Every structure is written in structure tokens, then in C-alpha cells.
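Undergrad: what would the 3D arrangement of this be:
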Amino acid sequence: MTDLAKIPVTVITGFLGAGKTTLIRHLMQNPQGRRLAVLVNEFGSVGVDGDILKSCADANCPAENIVELANGCICCTVAEDFIPTVEALLAMPQRPDHILIETSGLALPKPLLKAFDWPAIRSRITVDGVIALADAEAVAAGRFAPDPAAVDAQRAADDSLDHETPLSEVFEDQIACADLVLLSKADLAGEAGLAAARAVIEAEAPRKLPILPLVEGVIDPQVILGLNAAAEDDLAARPSHHDGHDDHEHDDFDSTVIELPEITDPARLAAAIVRLAQEQDILRVKGHVAVAGKPMRLLVQAVGARVRHQFDRPWGPEPRRSRLVVIAEHDRIDPAAIRAVLADAGI
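TA: Modelled structure (predicted):
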């Protein structure tokens, strides 16, 4: 790559827990000769995904090439965070050949694409493609795309319901902005679930999109890198619920950080998180937890009532500190109630 060539950027978007970090880990492990850089934007003050990715750093994507922005949505902090971060990556002695951006699960991708038109960077980078991950099992279950007949019946009964939910708008905007959709967790959805999810996405997409199944983030990088979409020049083909607005807000969602003592039983913690999803409509829980008698750090990832936990690596020089980021729709976050559920579970 010459110094005058634009560096391609792949924007990886998708709803909470769809598997964005898992996909990026796979790309880092299979760079196909590219020197990568990764920019991670998380919702909440405690970074988890960036830490996971840094544990996978190697010569093709060293730790200094993995940058985490946790000060807010990158499309809302363009001048303060996004532009300086990109400029710093481009100024490295060894420039990256390709940049991956993992958006927060709450991000609207189109405002981010508009940021690529900023004079400081528009001649130096280009959006190679927007990849949207969608949880196949969840989409098939109708969580993000309500049944049209049911919606019409609700509208007829109550005019106040004549709008999409915030989660639905986020999902639809991500699909509308994509060049490629990956149906993650295809093994959990099964063939019937994949077919149902594909039908939902095809109905939502403003144009015909490739839709591919994905399990544990494994896919040939040639399929998603090198699309040459130049998406920043193709905004009109990527409609958004927020077109015509100068900015957007994330007041529809809120997060809190819960500090925990050292635990003894990961299964008990998982059961408590399931309760939080069922009783308090918690959308997402993620973090690291110290387990008594275990030298390894427990990584906890939950999407609704689906909880996964595993020991990811030994505790390093950082303190053995248990912290969970909890995300829900606005006004659904109640730290005291969350702690009460955890205490009731003996945590």
C-alpha cells in the first residue's frame, strides 16, 4: 500500500451480543497478510470488548493498534475522539493496512459514515464495507421485527402505539446501512430459524443484501474484507429513521457498573442475571469476575436471559476486581434493585 492510498475501514455493527467481538477476534487470527488496527466503541464506562481483543494481540495486530473509545458514541464525539484516534493510527511508524471498527450495540451506523467526510481524514481512509451482525435466533423469534398484522391491530386500538420501539429502530437502521448481513449463532437457530430470520431481514432491507450464516465468528475474511463499497459516498442508498436530524441521542438506553465481591459459584451468578433479564428487562450484562480459589478471570457475557461465562485468562497485574456493565432501556436501570437480586442470590 502506497502512502497515497486510502486505508480501508470495515464498520462492524449489530445489536447487543450479536457476536461482533467474536468476529473481530477471528479476523485478527486470520489477517491474510494484512496489518490490522481495531477501534472499539463501547456503551458504558467499563471496557470489556477492548480488553478481550487485546488479549488476542499479535504481530499482525499489536496491542497498540487496538484502541478503545468509551467516552460515548463515536459518531457523537467525532472531533474529540474519533478523528484524533484515526489520525494517531495513520501516523504510526507502520500504518495499518485495514482498520476494523466495532460499534457499540446501541450505535446508529449512518452518522458514523458521515464522519468519514470530515476534511481531516476523508482523503486518507474509506469505508470498505458495513457488516451487520444479527442474532439469528432472536430475529427468528420476532424480537426486533413485530408482526405487521399485530402492529396494525395495535395501531387501530391505540394511536399512541403508532411508532417503532427504540430497539427496533436501531436494528432496522443497522440493516439498512449494511453491505452484508451475518446471521450469527446459526447453530442455535437451526434451519427453520435461519429461514425465518432471513425473511425478516429481507423484508427490512432497503435493497438486496447478501445474508450469510455464522457460527462462533468463523468466516473466510475474503468474504467481508475488500468489498470496496466506499460507503461514505453511498449514503442515499442507506436510509435511516434519523435522516433529516442533525444529531441523535442515546437517551433511550442507560447503563450502570455493578461492583461485586469475589464469588464462589458462577452458575449462581448466571441464574441471577437470568432473573434480571426476566424481572427488570435488562438487555445486556458483560464484565469480568473474580472466582474464589481460581487464578483465571471469569468473562461474563449475557444477552437477555442467555448467559455465557468462561475463564478467559489469568489475572494479570490488575487487581482481582469484579465489575459488570448492565445495560437496559432508559428508566429501566435501577442499581439498587439489581444489587438486591444479586444479594438475594447470595452474591
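Undergrad: direction included, what does the longest strand anywhere in the chain pair up with?
TA: Counting by DSSP state E, the longest strand found in the chain is strand 125-135. Strand 125-135 has these partner strands in its sheet, going by DSSP bridges: strand 7-14 (parallel), strand 180-184 (parallel).
Undergrad: off-centre distance for it?
TA: Taking Cα atoms, centre = their mean, to the nearest Å, one finds strand 125-135 lying 11 Å from the centre of the chain it belongs to.
Undergrad: helix or strand right after it?
TA: helix 136-140 (DSSP states H and E).
Undergrad: helices or strands up against that next one?
TA: In terms of contacts (3 or more Cβ pairs under 8 Å, 6 or more residues apart in numbering; DSSP states H and E), helix 136-140 is packed against strand 180-184, helix 186-204. Bear in mind the C-beta positions are built from the backbone N, C-alpha and C, glycine included.
Undergrad: make a markdown table out of these and add distance to residue 319 and mean pLDDT.
TA: Formatted as a markdown table, the helices and strands packed on helix 136-140 follow (distance: least, Cβ to Cβ, whole Å; pLDDT from 0 to 100):
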| stretch | distance to residue 319 | mean pLDDT |
| --- | --- | --- |
| strand 180-184 | 33 | 95 |
| helix 186-204 | 35 | 92 |
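Undergrad: just say which of those is most tucked in.
TA: Among the helices and strands packed on helix 136-140, ranked by average contacts under mean count of other Cβ atoms under 10 Å, first place goes to strand 180-184 (a mean of 25).
Undergrad: for this structure, where's the lowest mean pLDDT among helices and strands?
TA: Lowest mean confidence among the helices and strands of the chain (mean pLDDT, DSSP states H and E): helix 148-157, at a mean of 44.
Undergrad: now do the SS call for the residue most central in space within the chain.
TA: Geometric centre of the chain, nearest residue: residue 105, 3.7 Å, by Cα atoms, centre = their mean. Here residue 105 is coil, with the state taken from DSSP: H, G, I helix; E, B strand; the rest coil.
Undergrad: surely it meets residue 14?
TA: Yes: proximity of residue 105 to residue 14 meets the contact threshold set by Cβ atoms under 8 Å, at 6.7 Å.
Undergrad: shared neighbours of the two, anything?
TA: The contact sets of residue 105 and residue 14 overlap at residue 20 (Cβ atoms under 8 Å, 6 or more residues apart in numbering).
Undergrad: in the stretch 151-300 of the chain, where is pLDDT below threshold?
TA: 151-167, 242, 244-253 (pLDDT under 70).
Undergrad: the strands in it, which residues?
TA: 180-184, 211-213, 253-260, 284-290, 296-303 (DSSP state E, counting those that start in this stretch).
Undergrad: let's see the next helix or strand after the last one as CSV, backbone CA atoms only.
TA: The one in question is strand 296-303. For strand 296-303, the following helix or strand on the C-terminal side (DSSP H and E) is strand 306-314. These are the backbone C-alpha positions of strand 306-314, laid out as CSV (Å, rounded to 0.1, in the frame of the first residue of the first chain):
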residue,chain,number,x,y,z
ARG,A,306,-29.0,-16.0,27.5
VAL,A,307,-25.9,-16.1,29.7
ARG,A,308,-22.4,-17.4,28.8
HIS,A,309,-19.4,-17.4,31.1
GLN,A,310,-15.9,-18.8,30.7
PHE,A,311,-12.5,-18.4,32.2
ASP,A,312,-10.6,-16.3,29.6
ARG,A,313,-7.1,-15.7,31.1
PRO,A,314,-5.2,-15.5,34.3
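Undergrad: what's the mean pLDDT across strand 306-314?
TA: Strand 306-314 shows a mean pLDDT of 86.
Undergrad: ignoring the adjacent residues along the chain, who's closest to residue 260?
TA: Closest residue to residue 260 apart from its sequence neighbours, by Cβ to Cβ, 6 or more residues apart in numbering: residue 322 at 3.8 Å.
Undergrad: can you tell me how far that neighbour is from residue 346?
TA: Noted for residue 322: a distance of 14 Å to residue 346, by Cβ to Cβ, to the nearest Å.
Undergrad: which one's more surrounded, these two?
TA: residue 322 (20 against 11; other Cβ atoms under 10 Å).
Undergrad: now distance to residue 334 too, for the strands paired with strand 125-135, in CSV please.
TA: Below are the strands paired with strand 125-135 laid out as CSV (distance: least, Cβ to Cβ, whole Å):
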stretch, distance to residue 334
strand 7-14, 27
strand 180-184, 30
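Undergrad: nearest to residue 281, out of those strands?
TA: Residue 281 sits nearest to strand 7-14 of all the strands paired with strand 125-135, at 20.2 Å, using Cβ to Cβ.
Undergrad: quick check: buried residues in the following helix or strand past that closest one?
TA: Going down the chain from strand 7-14, the next helix or strand is helix 20-29, by DSSP H and E. Buried positions in helix 20-29, judged by neighbour count with 16 or more other Cβ atoms under 10 Å: 20-28.
Undergrad: now the angle from the next helix or strand after helix 20-29 to strand 7-14?
TA: Going down the chain from helix 20-29, the next helix or strand is strand 36-41, by DSSP H and E. Per axes from the mean of the first three to the mean of the last three Cα atoms, to 10 degrees, the angle that strand 36-41 makes with strand 7-14 is 40 degrees.
Undergrad: good, we can wrap up now.
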